[in-house]
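In: Next come a sequence and a model predicted from it.
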Amino acid sequence: QVQLVESGGGSVQAGGSLKLSCAASGRTLSRYHMGWFRQAPGKERDIVAAISRSPATPYYANSVKGRFTISRDNAKNTVYLQMNSLKPEDTAVYYCAVRDGSWYDFRRVEVYDYWGQGTQVTVSS
């Protein structure tokens, strides 16, 4: 079992920045692929960014490429999502998730094994 706790969400104006953290307990994070997803009201949960186990190869959705950075600190058992140049359309609940096994199909919600409770990000214009 892995417990994930997100933090760092909040309300910012467009153009601002936030840094989300996802702290894991129960098992070492280094064995997992990690993903950040978001879900806006009335919409499906979509991948924002992901980072593979080793080597730590990042992936970004086109909508956030160049603005968001995913990173992992295995020593702290934590994954981060640095979000810069935020836009109102980034408003959503953000979730972190971990996946054991292969990197295949990492964009799909269904392949992740454990999820955090989510943290709200609100960007005003």
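Out: Cool, got the structure.

In: Please count neighbours and contacts with C-alpha atoms only from this point.
Out: OK.

In: For the spatially most central residue of the chain, give me the backbone phi and psi.
Out: Residue closest to the average C-alpha location in the chain (CA atoms, centre = their mean): residue 36, at 2.0 Å. Main-chain dihedrals, residue 36, degrees, to the nearest 10: phi -110, psi 130.

In: residues contacting it?
Out: Going by CA atoms under 8 Å, 6 or more residues apart in numbering, residue 36 touches 47-50, 81, 94-97.

In: Any chance of CSV for those residues, columns distance to residue 16?
Out: Shown next, in CSV, are those (distance: CA to CA, whole Å):
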residue, distance to residue 16
47, 21
48, 18
49, 19
50, 22
81, 14
94, 17
95, 20
96, 21
97, 25
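
In: Nearest residue to the residue nearest to the centre of the chain in space, please, no chain neighbours.
Out: residue 96 (4.5 Å; CA to CA, 6 or more residues apart in numbering).
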